[in-house]
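Novice: sharing a model prediction with you, sequence too.
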Amino acid sequence: MIATVERQEEIDRRVARFQRSRHARDLWPDISLETFRAGEAELARVATAVLGGAPTPVAIRSDLRARALSVAAFASGVGPLFGSWCETGRVTADPAIASELAIHLEHGRRRYARLRHELERVLVAMSARGIEVWLLKGMHTGARYFPEPGARSSTDIDLLVQPADWAGACEALTALGLVETRHPTQPRDSAWAEPRVQRVRSLVYVHADGPWSVDLHQSLDRLPFEGLETGLGAPDAAAGEVWEEYCRPVRVLALVLRQPPAPLAEELVSSASSPAWGERVRKYFLVPIAP
């Protein structure tokens, strides 16, 4: 495995430019939109085949640039999953592409171990205050539905507490040395991170040592787009399942856990903010699965 060389100074410059422009070409100036879209389309084709039960192995096209496919996998959040499929023989790829995807998986595994350690610190602190925690998104689905937890790309730890426990949860996170920030588009939520500056370590894969945070929620209401709100409210305890994967029990959404993923009409492989070239969009990859 030979990692793509990324100098930290260049990463910092590109991230700074992107934060001003919101143009993805400032992150990946060497990748054209056409090449990126081709990589996206190939990832969707292969994922559809694998998840739909096609005979394996499924081959990734050999005419694609390894770096372009790696960037597309990073932007869509499926790099570690494809790395796992290559490792287990469900997918085959040219050596250059397979090597890039193996790096995604290596960092996915290391990152999961890191986030698991941080999650268990938080759960101990919450439990000591008698706070029941709901575990959302990656730290739940990765350990439950993916080939292995590290195959699910995760950037943060999403937790939900009841509104009555909000103040206590904030106190627990503060006691752990984390500092709160709030996002203007999600005023009900808050992100908690270490006070030190966390630098983006890679623009090609989710780096094991990259920035992380605890995203604290008090409801499932979201603002996925400006002017559009999903009003799901706070889950009732009766709708949850107690899960003991970690050092303290957590609640997870029982509806999701009791519904096997294979028969779903559509399986959400990735939902990630994927900045388009010159556009501001949120991209979702929906891969159809045969019932």
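Specialist: It's in. Residues are numbered from 1 along each chain as shown.

Novice: doesn't G240 make contact with A234?
Specialist: No - the pair formed by A234 and G240 falls short of the contact definition of CB atoms under 8 Å, at 10.9 Å. The way it works is simple: take the backbone N, C-alpha and C, and place the C-beta from them, glycine included.

Novice: do a quick rundown of the strands in the chain.
Specialist: Defined through DSSP state E, the strands belonging to the chain, from first to last, are 58-59, 91-92, 134-136, 157-160, 179-183, 186-193, 214-217, 222-225, 228-230, 240-243, 250-253, 266-272, 283-288.

Novice: can you list the strands that the second one pairs with?
Specialist: By that I understand strand 91-92. Strand 91-92 has its sheet partners listed here by DSSP bridges as strand 58-59 (parallel).

Novice: what comes up buried for stretch 21-29?
Specialist: By neighbour count with 16 or more other CB atoms under 10 Å, stretch 21-29 contains the buried residues 23-28.

Novice: out of the residues you listed, which is nearest to M139?
Specialist: Minimum distance to M139 across the buried residues of stretch 21-29 is 26.1 Å, recorded for L27 (CB to CB).

Novice: need phi/psi at the closest one.
Specialist: Backbone dihedrals for L27, given as degrees, to the nearest 10, come out at phi -80, psi -40.

Novice: how far away is it from E132?
Specialist: When CB to CB, to the nearest Å is applied, the distance between L27 and E132 equals 39 Å.

Novice: and for P55?
Specialist: The value you get for P55 to E132, if CB to CB is used, is 45 Å.

Novice: point to the residue nearest the middle of the chain.
Specialist: Centroid-nearest residue in the chain, with CA atoms, centre = their mean: S154, separated by 3.4 Å.

Novice: quick one on the thing from earlier: now the buried residues of stretch 21-29 in a markdown table, with distance to V50 and pLDDT?
Specialist: Putting the buried residues of stretch 21-29 into a markdown table (distance: CB to CB, whole Å; pLDDT from 0 to 100) gives the following:
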| residue | distance to V50 | pLDDT |
| --- | --- | --- |
| H23 | 32 | 91 |
| A24 | 27 | 90 |
| R25 | 30 | 91 |
| D26 | 33 | 94 |
| L27 | 28 | 95 |
| W28 | 26 | 95 |
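
Novice: quick one: which of A234 and G240 has more around it?
Specialist: G240 (19 against 15; other CB atoms under 10 Å).

Novice: shaky segments in the stretch 101-250 of the chain?
Specialist: 183-189, 223-232 (pLDDT under 70).

Novice: now the helices for it?
Specialist: Listed in chain order, the helices of the stretch 101-250 of the chain (DSSP state H, counting those that start in this stretch) span residues 138-145, 166-175.

Novice: ranking those by burial, who's on top?
Specialist: When those are scored by mean count of other CB atoms under 10 Å, the highest mean neighbour count falls to helix 138-145 (a mean of 20).

Novice: return the distance of it from the chain's centre.
Specialist: Using CA atoms, centre = their mean, to the nearest Å, we find the averaged C-alpha position of helix 138-145 to lie 10 Å away from the chain's own average C-alpha position.

Novice: next: stretch 118-125.
Specialist: Taking CA atoms, centre = their mean, one finds the center of stretch 118-125 at 19 Å from the center of the full chain.

Novice: give the buried residues for that stretch.
Specialist: Taking 16+ other CB under 10 Å as the neighbour-count basis, stretch 118-125 is seen to contain the buried residues 118-119, 121-123, 125.

Novice: among the residues you listed, which one lies nearest to L203?
Specialist: Distances from these to L203 were compared by CB to CB; the smallest belongs to E118, at 23.2 Å.

Novice: distance of I60 from A68?
Specialist: Counting by CB to CB, the separation of I60 from A68 is 12 Å.
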